[in-house]
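Undergrad: need a structure here:
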Amino acid sequence: MSLPDLYQASAEIDLHAPEYVKADLMYEGGQIMDHNGQMQTWADVMGDEDFKGVLPYASVPVDAVADRIQLSSITGPTDEITAKIADLLNANKFFLRFGQFVLDVMKYGEYFMTVWPEEEMNDTDLGQAALFDLDRPASLLQDTPLNHKAKMTFSDSATTRAFYDDGGELLYVARKWCQLDADGKDIERVNLYYLDFVEKYWWFRDKKIETAEPWYDEGQTTADWPMENPYHEIPFYHYSTAYPHGRPEHKPLYGVQDAINQIFQTHISSIKFLGFPIIYALMDETSAQGTADLEYAPIDENDSSIEDVNRLRNSPGEVWAMRAKSIGQLEPAGSASFLDSLKAYKEIASELVGLPARLFTSTDGQHPGADAVNAADAVLTQRVVDREILLAEPLKHAVSFGLRLAFGIDVPPEDIVVLWKPQKISLDASVITVLQWKISLGIPAEQVLSEIGYSPAEIESFKPSLEEAQRKRDEAFAASQQPKQPTNVPNQDNNQGK
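TA: Numbers count the residues shown, from 1 in each chain. Predicted coordinates for the structure are as follows:
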């Protein structure tokens, strides 16, 4: 029994689980921190169940990166293997779900994909949310049949964690969750997945982990524990924004998101309270003139409750009657200070995550040129490329294992090619001039088109026109190199002598 691994896994999953819950809440923009550092919704703070509004600017860096990561293709060393990869992915509706998976990786900083034979798949063990429904298409029945239905699912990072040695090699993956036993009691479950075996543990939730015992699946005995891993492959593939453990793309904005929420809430509250001018009358009971005809609730000097001030309503055109002798008006709340503060925090948000300010705010009618946009997007583009590299490696291993399960063929991960759609740059006259200058220097047009973000398939479709344009340039160049023919010029001396 790997008790040290069990204790470490249980403790670390419990330690990090709140971080992923917070990442999700901050992405939605729906929380603030009270004076005790506790998370609350604005409805809780204001006692206003009808007001749910937030300004989720923390979602901007997550969406900005995730939206730009577009999977182009996954291919193998031969056309036959590439076709098998397509069958595997289509059977798992992979491309339909991959966009949401990428968003989750960016939101939480890490996420897991599992690959396992469907008949041996236990959704509770490997991941409660089986996001891919495997319906084997008819085309597979007519081709090489699936030895196993290789099912690909997601496992969230709040319940799953990968553990590495000092050299960065994966040692094991742990998964922890709570469920009810046959008697309806809460029990904790932890599974540890190694290359050669799987250990499963359980204990009553109200007890300590030291009481953990081996878990036996239906029909298993002590001879079957630990369970053998016949594939010698840890079925969890760890995707993250950094190696080995990532960080949510929006984590630097947690504080900014709280501040923006408070600005927004205070602004809305002031509008609700002072949306219309309020006239106040400070009444003097000793005077026979003025405001004596206005009625107001009596104030009990011995009562410290706030109920007596409830007569001061903020309805449109309301008159507040209070003891004194003057009259005046409270003007509607202005918005300038709130909007200026909001603008300042959006600029801070841009600086904290290193992304263009235009992602957080409007351009106020000003449209930056393509050069300015491309320069501003340089950090974002490089970040997207870095994330693609981190995503590609576990994806290659997952597809390689899936091919082994589904078709019984061994394709090394390094022989699988993952292609992403290039990041297109913005174009205007100045950028086009630079591109034309590059082509005039002899840089192949295909290379120039690739640099500005066109995919290999798009470039392939352009080839006929590219070849025609190149032919014309070659002809023009050849013509320019031909020696000039002498021109017959009349003899001026002879003309003058005539």
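
Undergrad: ok, which stretches of the stretch 201-350 of the chain are helices?
TA: In the stretch 201-350 of the chain, helices defined by DSSP state H, counting those that start in this stretch lie at 254-274, 336-353, listed in chain order.

Undergrad: Nearest to residue 99, out of the ones you listed?
TA: Counting by Cβ to Cβ, residue 99 lies closest to helix 336-353 out of the helices of the stretch 201-350 of the chain; the figure is 21.2 Å. For every residue, glycine as well, the C-beta is placed using N, CA and C.

Undergrad: okay, the angle between that closest one and helix 254-274?
TA: Compare the direction of helix 336-353 with that of helix 254-274 by axes from the mean of the first three to the mean of the last three Cα atoms, to 10 degrees and you get 170 degrees.

Undergrad: okay, now the domains of the chain?
TA: With automatic domain parsing serving as the domain definition, the record reports that the chain contains domains spanning 1-271+334-423, 276-330, 427-478.

Undergrad: quick one on the thing from earlier: tell me which of the helices of the stretch 201-350 of the chain sits most buried.
TA: Mean neighbour count (mean count of other Cβ atoms under 10 Å) peaks for helix 254-274 among these, with a mean of 18.

Undergrad: hey, C-alpha coordinates of that helix in CSV?
TA: As requested, C-alpha coordinates have been extracted for helix 254-274 and formatted as CSV (Å, rounded to 0.1, in the frame of the first residue of the first chain):
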residue,chain,number,x,y,z
TYR,A,254,-8.7,38.8,-9.0
GLY,A,255,-8.1,42.0,-7.0
VAL,A,256,-9.0,44.2,-10.0
GLN,A,257,-12.2,42.2,-10.5
ASP,A,258,-13.2,42.8,-6.9
ALA,A,259,-12.5,46.5,-7.2
ILE,A,260,-14.5,46.8,-10.5
ASN,A,261,-17.4,45.0,-8.9
GLN,A,262,-17.4,47.5,-5.9
ILE,A,263,-17.3,50.5,-8.2
PHE,A,264,-20.1,49.1,-10.3
GLN,A,265,-22.3,48.3,-7.3
THR,A,266,-21.7,51.6,-5.6
HIS,A,267,-22.6,53.4,-8.9
ILE,A,268,-25.8,51.4,-9.3
SER,A,269,-26.7,51.9,-5.7
SER,A,270,-26.2,55.7,-5.9
ILE,A,271,-28.3,55.8,-9.1
LYS,A,272,-31.1,53.9,-7.4
PHE,A,273,-31.0,56.2,-4.4
LEU,A,274,-30.4,59.5,-6.1
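
Undergrad: So for stretch 98-116, what gets flagged as buried?
TA: By neighbour count with 16 or more other Cβ atoms under 10 Å, stretch 98-116 contains the buried residues 98, 101-116.

Undergrad: what's the least confident stretch among the helices of the stretch 201-350 of the chain?
TA: Mean pLDDT values for the helices of the stretch 201-350 of the chain show the minimum at helix 254-274, a mean of 80.

Undergrad: Show me what it packs onto, helices and strands only.
TA: On a contact count with 3 or more Cβ pairs under 8 Å, 6 or more residues apart in numbering; DSSP states H and E, helix 254-274 meets helix 3-28, strand 32-33, helix 42-46, helix 336-353.

Undergrad: okay if I get those as CSV plus distance to residue 70?
TA: Compiled in CSV, the helices and strands packed on helix 254-274 are given as follows (distance: least, Cβ to Cβ, whole Å):
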stretch, distance to residue 70
helix 3-28, 21
strand 32-33, 35
helix 42-46, 35
helix 336-353, 21
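
Undergrad: Can you verify my assumption that residue 346 contacts residue 360?
TA: Yes. With contact defined as Cβ atoms under 8 Å, residue 346 and residue 360 form a contacting pair (4.3 Å).

Undergrad: Can you work out which residues contact both of the two?
TA: Contact criterion Cβ atoms under 8 Å, 6 or more residues apart in numbering; residues bridging residue 346 and residue 360 by contacting each: residue 57.

Undergrad: Could you check the pLDDT of the closest residue in space to residue 118 that isn't next to it in sequence?
TA: With Cβ to Cβ, 6 or more residues apart in numbering as the measure, residue 149 is the residue that lies nearest to residue 118, at 3.8 Å, once sequence neighbours are left out. Predicted confidence (pLDDT) at residue 149: the value is 77.

Undergrad: swap in the one 4 residues further on?
TA: Confidence at residue 153, expressed as pLDDT, is 89.

Undergrad: burial count for the residue nearest to residue 118?
TA: 18 (other Cβ atoms under 10 Å).

Undergrad: just residue 403 next, same as before
TA: The tally of other residues near residue 403 (other Cβ under 10 Å) stands at 22.

Undergrad: Please identify the helix or strand for it.
TA: Under the criterion DSSP states H and E, the helix or strand holding residue 403 is helix 378-407.

Undergrad: Over to residue 468?
TA: helix 456-480.

Undergrad: Determine the angle, from 0 to 180 degrees, between the longest strand seen in the chain and helix 3-28.
TA: Ranked by number of residues, the top strand in the chain under DSSP state E is strand 170-180. The directions of strand 170-180 and helix 3-28 differ by 70 degrees, with the same axes, to 10 degrees as the criterion.

Undergrad: Now the element after strand 170-180, going C-ward?
TA: Per DSSP H and E, the helix or strand that comes after strand 170-180 is strand 186-193.

Undergrad: quick revisit: identify whichever of the helices and strands packed on helix 254-274 lies nearest to residue 477.
TA: Nearest to residue 477 among the helices and strands packed on helix 254-274 is helix 336-353 (47.3 Å), distances taken as Cβ to Cβ.

Undergrad: hmm, who's touching that closest one?
TA: The set of residues that contact helix 336-353 without belonging to it, under Cβ under 8 Å, 6+ apart, is 55, 57, 60-61, 249-250, 252-253, 256, 259-260, 263-264, 266-267, 270, 356-357, 359-361.

Undergrad: Kind regards, and thank you for your time.
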